[in-house]
Structures are given as C-alpha cells and as structure tokens.
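K.L.:
pasting the structure only:
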C-alpha cells in the first residue's frame with residue numbers, strides 16, 4: 001500500500017479500513033517497514049492474533065518493533081493515552097510510528113463507547129507531537145463502527161490510498177457516547193463526605209471481597225474507590241454518593257457528585273510537577289478494567305468496573 005504519511009513535524013492520526021487478514025498485513029507491514037527505514041521508533045499495540053500475523057510477516061524486522069499487548073494494556077480504553085501512548089512518545093521524543101487497534105469484535109458495548117471517546121481524545125492529546133498513528137478497523141465490525149472511525153480520524157487509509165475524512169468531528173463523536181450511567185436496582189448506596197471517605201472505601205472493599213475479588217485486586221479496589229470519592233469531595237461539592245453492585249463479570253463502583261471536569265483529558269494525561277489536575281482519575285484509569293464517565297449539566301457520574309479475572313496493578 002502506498003501513500004501512507006510518515007511522522008513529520010505534526011501529529012498524524014489515520015484510520016486504516018481493512019477487509020481481511022491479507023488486507024491487514026498488506027497495509028500495516030509497509031507502514032511499519034517505512035517507519036523503520038526512516039529511523040523512526042515503531043510500536044504495535046494490537047490484539048494477540050493480529051500481533052502474531054504481523055510478527056510472521058515482518059520476519060527479522062519484528063525484532064526492531066515494540067509489540068504491546070493491547071488486550072491487557074488497553075482493556076480499559078481510558079488507560080491507552082496516558083499509560084501506553086504518552087509513555088511511548090515521552091520515551092522517544094524523535095519521530096515515532098504507532099499501530100494501535102483499540103477495537104476488536106469481543107469488546108463489550110461499554111468498552112466500545114470508551115474506545116470511541118479514546119480515539120476522539122487522541123487528536124487533542126497529541127497535537128503537535130512528531131508521531132504518526134495508524135488505527136486498523138476491520139470492515140466486519142459494521143457500518144456504525146466505521147462511521148465512528150471516520151468521525152474520530154482526520155485521515156482514512158484503505159487499499160486505494162489516503163484520503164481526508166469528510167465526517168471528521170471528534171468532539172461530536174465524544175458527545176455521542178457521553179451516555180447516562182444508570183445505577184443497578186440491586187446497588188448498595190453509600191452517601192459520603194470528607195468525614196466518611198474511609199467508610200466508603202471500606203464498604204466498597206468489603207463488598208468486593210464478598211463478591212469474589214481477591215488478594216492484590218482488593219488493593220486496586222481500595223485505590224480506585226478512594227481516589228474517585230476523594231475527587232468528589234475536592235471537586236464535586238464536598239460530597240457524593242457511592243453505588244456498589246456486582247454482575248457476572250465483576251464488581252461495579254459508581255460515584256455521582258455535583259462536579260464538572262475542567263477538561264475531557266482529565267485522567268488521560270500523566271501528572272507532572274507542573275500539572276496536578278486529574279491525578280486521581282489518572283490513577284483510577286491505571287488499575288481499573290473499565291472506567292466510564294457521564295457529564296451532565298448538574299454533575300458527573302464515574303463508573304469503575306473491576307473484573308473477577310482482572311490483572312492486579314496497584315501493587316506492581
């Protein structure tokens with residue numbers, strides 16, 4: 001495939017629309033090899049099956065590529081920008097290339113909504129960085145998914161070449177998935193304020209233990225719930241309400257308060273000595289299996305999901 005842009009002075013975010021495995025290899029491999037030939041550092045963050053295809057096709061060149069298990073590192077899509085992409089770009093200030101495939105058929109509806117918002121925020125998060133991103137989307141995912149890819153990527157790539165998206169509107173795409181997060185009828189509700197933060201954290205951790213969350217994952221629960229509730233006290237009017245319930249996949253912790261985030265990138269940028277805002281949600285994004293938010297005119301709801309089979313992160 002020809003016509004793929006390389007990393008230049010500005011950020012380039014492309015959706016690669018492919019039909020099958022052969023199409024996938026024919027599009028991604030030249031992109032990777034071209035980057036390597038230019039001396040660019042290349043990362044490939046794709047599902048395991050795709051990773052195996054690419055490693056085989058790249059042959060010895062695969063040793064010069066950083067492969068990232070996106071099914072683990074990107075299980076929570078809100079973790080991809082701060083923990084995967086920012087980390088890679090900050091480590092390599094020279095021009096880089098990234099193949100990132102955040103959407104695959106096994107994604108749940110909740111996860112998919114988070115993926116669209118992730119892709120929408122990539123444009124804002126990395127504007128001005130010397131990087132080229134190629135995000136593969138399989139046609140079999142369906143028309144609505146491909147429409148969202150067009151809305152969140154300024155450039156589209158397929159077998160015919162590169163073209164500008166006529167429907168690029170990342171902020172509108174983000175808004176489409178700013179969906180209400182209803183509380184389960186079976187939820188246990190815990191109002192809290194600064195005096196009862198520790199109680200909310202304790203109730204959540206004990207509930208998780210009874211539901212089947214074990215060992216180091218309970219540390220993740222305590223960290224995540226503690227940070228979200230503390231954020232409510234600090235930025236959400238001094239108080240909030242924690243709802244806790246479980247389902248077949250894991251345990252859900254949902255916090256509602258009167259706060260409005262100052263930026264959609266809150267929690268998606270690593271904190272620095274000059275930027276402290278969003279640190280709590282940043283930590284939550286690191287340990288949770290899924291984080292969803294809904295922002296309304298009168299406040300914000302944050303949903304944190306911890307799966308029974310999740311990987312412990314707080315102690316790592």
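P.N.:
That came through, no problem. Because the structure is a prediction, the values reported are computed rather than measured. Numbers count the residues shown, from 1 in each chain.
K.L.:
from here on, contacts and neighbour counts on C-alpha atoms
P.N.:
Will do.
K.L.:
Residue 201: what's it in contact with?
P.N.:
222, 225-226 (Cα atoms under 8 Å, 6 or more residues apart in numbering).
K.L.:
Let me know whether my guess that residue 156 is in a helix holds.
P.N.:
No. Assignment of residue 156 by DSSP: H, G, I helix; E, B strand; the rest coil gives strand, placing it outside any helix.
K.L.:
For the strand or helix carrying residue 292, buried residues please.
P.N.:
When elements are defined using DSSP states H and E, residue 292 is found to belong to strand 290-296. Judged by neighbour count using 16 or more other Cα atoms under 10 Å, the buried positions of strand 290-296 are 290-295.
K.L.:
Stretch 47-54 too?
P.N.:
Neighbour counts over stretch 47-54 (16+ other Cα under 10 Å) mark 47, 51, 54 as buried.
K.L.:
In the stretch 151-300 of the chain, where is pLDDT below threshold?
P.N.:
The model of the stretch 151-300 of the chain has pLDDT under 70 over residues 272-278.
K.L.:
May I have the predicted confidence score for the residue nearest to the spatial centre of the chain?
P.N.:
Note on the chain: the residue nearest the mean C-alpha position is residue 77, at 2.0 Å, using Cα atoms, centre = their mean. What the model reports as pLDDT for residue 77 is 98.
K.L.:
got the residue ranges for the helices in the stretch 1-150 of the chain?
P.N.:
Secondary structure of the stretch 1-150 of the chain by DSSP state H, counting those that start in this stretch: the helices cover 21-37, 48-58, 70-73, 86-91, 109-125, 143-152.
K.L.:
Now the shortest one: buried residues?
P.N.:
Of the residues in helix 70-73, those scored as buried under the neighbour-count criterion (16+ other Cα under 10 Å) are 70-71, 73.
K.L.:
Find the residue closest to residue 114 in space, skipping its chain neighbours.
P.N.:
Leaving aside its sequence neighbours, residue 114 sits nearest to residue 77 (Cα to Cα, 6 or more residues apart in numbering; 5.8 Å).
K.L.:
ok, the one you found touching residue 115?
P.N.:
Yes. The pair residue 77 and residue 115 qualifies as a contact (Cα atoms under 8 Å) at a distance of 5.5 Å.
K.L.:
Mutual contacts of the two, please.
P.N.:
The overlap between the contact sets of residue 77 and residue 115 (Cα under 8 Å, 6+ apart) consists of residue 102.
K.L.:
distance of residue 123 from residue 133?
P.N.:
Taken as Cα to Cα, to the nearest Å, the spacing of residue 123 relative to residue 133 amounts to 10 Å.
K.L.:
out of these two, which sits in the more crowded spot?
P.N.:
More neighbours sit around residue 133 than around the other of residue 123 and residue 133, counting by other Cα atoms under 10 Å; the figures are 26 against 18.
K.L.:
In contact with the more buried one, which residues are there?
P.N.:
Residues touching residue 133, when contacts are defined by Cα under 8 Å, 6+ apart, comprise 12-14, 97-100.
K.L.:
Which residues does it form beta bridges with?
P.N.:
On the basis of DSSP bridges, residue 133 is bridged to residue 13, residue 98.
K.L.:
And it, how far from residue 97?
P.N.:
As judged by Cα to Cα, residue 133 and residue 97 stand 6 Å apart.
K.L.:
follow-up on the earlier one: can you pull the residues that touch both of residue 123 and residue 133?
P.N.:
Listed as contacting both residue 123 and residue 133 by Cα under 8 Å, 6+ apart are residue 13.
K.L.:
Quick one: the strands in the stretch 151-300 of the chain, in order.
P.N.:
If DSSP state E, counting those that start in this stretch is used as the criterion, the strands of the stretch 151-300 of the chain fall at 155-158, 161-164, 188-193, 239-246, 250-257, 290-296, 299-307.
K.L.:
so what does the biggest helix by length in the chain touch, helix or strand wise?
P.N.:
Taking residue count as the measure and DSSP state H as the definition, the longest helix of the chain comes out as helix 216-235. Counting contacts by 3 or more Cα pairs under 8 Å, 6 or more residues apart in numbering; DSSP states H and E, helix 216-235 is packed against helix 197-211, strand 239-246, strand 250-257, helix 279-287, strand 299-307.
K.L.:
quick revisit: which single one of the buried residues of stretch 47-54 is nearest to residue 205?
P.N.:
Among those, residue 47 lies closest to residue 205 (Cα to Cα), at 31.5 Å.
K.L.:
Okay then, goodbye and thanks.
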